[in-house]
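Chemist: Make a model of this:
(one chain, ligands or ions: 4)
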Amino acid sequence: MAQSLNFFVSTSHSPDFTHSYTKPFPQNPNPNRLFSLTKPPKKPPLILSASTDNSSGFTAVTPEYETANGTSPVAVLADSSPIIEVDAVTEAELKENGFRSTRRTKVVCTIGPVTSGFEELEALAVGGMNVARINMCHGTREWHKSVIEKVRRLNEEKGYAVAVMMDTEGSEIHMGDLGGAPSVKAEDGEVWTFSVRAYESLRPERAITVNYDGFAEDVKVGDELLVDGGMVRFEVIEIDGPDVKCLCTDPGLLLPRANLTFWRDGSLVRERNAMLPTISSKDWLDIDFGIAEGVDFIAVSFVKSAEVINHLKSYIKARSRDGDIAVVAKIESVDSLRNLEEIIQASDGAMVARGDLGAQIPLEQVPLAQQRIVETCRQLNKPVIVASQLLESMIEYPTPTRAEVADVSEAVRQRADALMLSGESAMGQFPDKALTVLRSVSLRIEKWWREEKRREVMDLPDIASSLSDSISEEICNSAAKMGENSIIIL
Ligand SMILES: Nc1ncnc2c1ncn2[C@@H]1O[C@H](COP(=O)(O)OP(=O)(O)O)[C@@H](O)[C@H]1O
Ligand SMILES: C=C(OP(=O)(O)O)C(=O)O
Ligand SMILES: [K+]
Ligand SMILES: [Mg+2]
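Modeler: Numbers count the residues shown, from 1 in each chain. Ligands and ions are numbered 1, 2, ... in the order given. Take a look at the predicted model:
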């Protein structure tokens, strides 16, 4: 405490100076918030130093910060100064703000074909990626392994602190690959066949494999089939053994392994597919892979209850070397909303997986569900990630829509711990620009929060009964106010 008070007082000349390692985000009930989604770097992290010409003040090494080993984003430590470790500041933030502002809101980037190279990963690390996410729905294990290795190399050789999150495929219904095609267009009025048959080599035209064996038995003529929560819609017109023939009613792009839901009389149909295990046998193999590779987080898709989280946590504990893989529950189904509190309580964190959530509940309910999930996580002191379509238009365009910026701002305003990029960083044209938008919007809203806090009046009760006690009390009150203001400054 004494150390942080000294630190605050000595830096008060620089009103926007950041950063306390010991202070939580103002008003944040989760004292670990700053670190909860950050992997401690193996190399020495950023070190703030007392400047040699001013023994009481700290110098922001900016914008031409110096590096300790020539490569890592590390500030310089002067001889006699105490070491104060701070949360990792990215190169981009240093250039923009020096040490004046360290982002509290972390960024998770899904790694895909456009970002799996070492240089591309480094560009994301420079831009502020805190967590690299690999989605086991896509790609081979060798591909994921090479991404993990590159992230580790970045951390070890260049001093970054990027964590790795493995996201399970889950056993919900989805389409198969499209024979290597990145997408296929379904036009209005076309008839497509959704089949539980695995097509050997050549996929017939307008035919799609479905991964769930019971599909052809569970659907009925007249059902509505939604791809990716409504990006493309079909109506079931005929069932012929393993083949389900569907008429396209809302045209659009079919993407490989897109999620499928079917609806009857306006309600989501949950037949035998509701009995599918949350963690499939393929997921268990992926989890073994994740444990062997020492990933930092495992995100579990389509969690239905706390039971599966508890099961996975004890599985990890028994197998992983240090048992420290955090389990993140993805909230993306009706069941997960029903059992929200117990799921979050059992998990190390949660993800508002709005993509699939929006396919399972009416779209207009998604923002309220998000708010409820974030609030619940705040109350239970668990980190929470807001995910999916934050900057969807940036897959194709270099600037976001105003509506997207408003959405990102709202997530930060709700005090989400982290924001996630999906297609924007996995297969979009502007991954670095999308990351910049998340970074700058987060910083802006966090600044707004601090300004809000500054306006709050501190209510300190009078308890002294004698003159000498009053003097002590005044000194203590002043110190408390200075401390409080310093948090605001930070
Ligand atoms: N490892 C990968 N290999 C190829 N493409 C990927 C990979 N990861 C993600 N993608 C692409 O990025 C898109 C968005 O990623 P994500 O949101 O994680 O998956 P999904 O859309 O399946 O939920 C995917 O639809 C896919 O096209
Ligand atoms: C993050 C999500 O999960 P995935 O991308 O794995 O479908 C989602 O559904 O929003
Ligand atoms: K997934
Ligand atoms: Mg999902």
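Chemist: residues from the stretch 251-400 of the chain in reach of ligand 4?
Modeler: The interface of the stretch 251-400 of the chain toward ligand 4, taken as C-beta under 5 Å from the ion, is made up of 332, 353, 355-356. C-beta coordinates here come from the backbone N, C-alpha and C atoms, glycine included.
Chemist: let's see 8 Å
Modeler: Residues of the stretch 251-400 of the chain lying close to ligand 4 (C-beta under 8 Å from the ion) are 259, 301-302, 330, 332, 353, 355-357, 388.
Chemist: Out of those residues, which are close to ligand 2?
Modeler: 301, 332, 353, 355-356, 388 (C-beta under 6 Å from any ligand atom).
Chemist: Need phi/psi at residue 121.
Modeler: Main-chain torsions, residue 121, degrees, to the nearest 10: phi -70, psi -40.
Chemist: pLDDT score for residue 274?
Modeler: Reading off the confidence values, residue 274 has pLDDT 81.
Chemist: actually residue 490, sorry about that
Modeler: With respect to pLDDT, residue 490 scores 48.
Chemist: Same question for residue 321.
Modeler: So, for residue 321, pLDDT stands at 77.
Chemist: so what's it up against?
Modeler: Counting by C-beta atoms under 8 Å, 6 or more residues apart in numbering, residue 321 makes contact with residue 294.
Chemist: For it, give its distance to residue 393.
Modeler: Computed as C-beta to C-beta, to the nearest Å, the residue 321 to residue 393 distance reads 42 Å.
Chemist: Please apply the same query to residue 168.
Modeler: Applying C-beta to C-beta, the value for residue 168 to residue 393 is 28 Å.
Chemist: Which helix or strand contains the closest residue to residue 380 other than its chain neighbours?
Modeler: Of all residues not flanking residue 380 in the chain, residue 344 sits nearest, at 5.4 Å (C-beta to C-beta, 6 or more residues apart in numbering). Per DSSP states H and E, residue 344 falls inside helix 340-346.
Chemist: Then residue 246?
Modeler: Here residue 246, judged by DSSP H and E, is contained in strand 243-250.
Chemist: Give the buried residues for that strand.
Modeler: Under the neighbour-count criterion of 16 or more other C-beta atoms under 10 Å, strand 243-250 has 244-248 buried.
Chemist: Nearest to residue 107 among the ones next to ligand 2 among the residues of the stretch 251-400 of the chain next to ligand 4?
Modeler: Set against residue 107, the nearest of those by C-beta to C-beta is residue 388 (14.0 Å).
Chemist: Could you give the number of residues near that closest one?
Modeler: Look at residue 388: counted by other C-beta atoms under 10 Å, it has 21 neighbours.
Chemist: rewinding a little: what are the contacting residues of the strand holding residue 246?
Modeler: For strand 243-250, contacts defined as C-beta under 8 Å, 6+ apart pick out 186-195, 197, 210, 215-216, 219, 224-225, 230, 232-239.
Chemist: just stretch 430-445 next, same as before
Modeler: Residues from elsewhere that reach stretch 430-445 (C-beta under 8 Å, 6+ apart): 90, 92-93, 96-97, 101, 103-105, 107, 109, 114-115, 120, 123-124, 127-129, 390-391, 394-395, 397-400, 404-405, 408-409, 412-413, 419, 421, 424-425, 428.
Chemist: Just the buried subset of those residues, please.
Modeler: Among the contacts of stretch 430-445, those classed as buried by neighbour count (16+ other C-beta under 10 Å) are 90, 92-93, 96-97, 101, 103-105, 107, 109, 114-115, 120, 123-124, 127-129, 390-391, 394-395, 400, 404-405, 408, 412, 419, 421, 424-425, 428.
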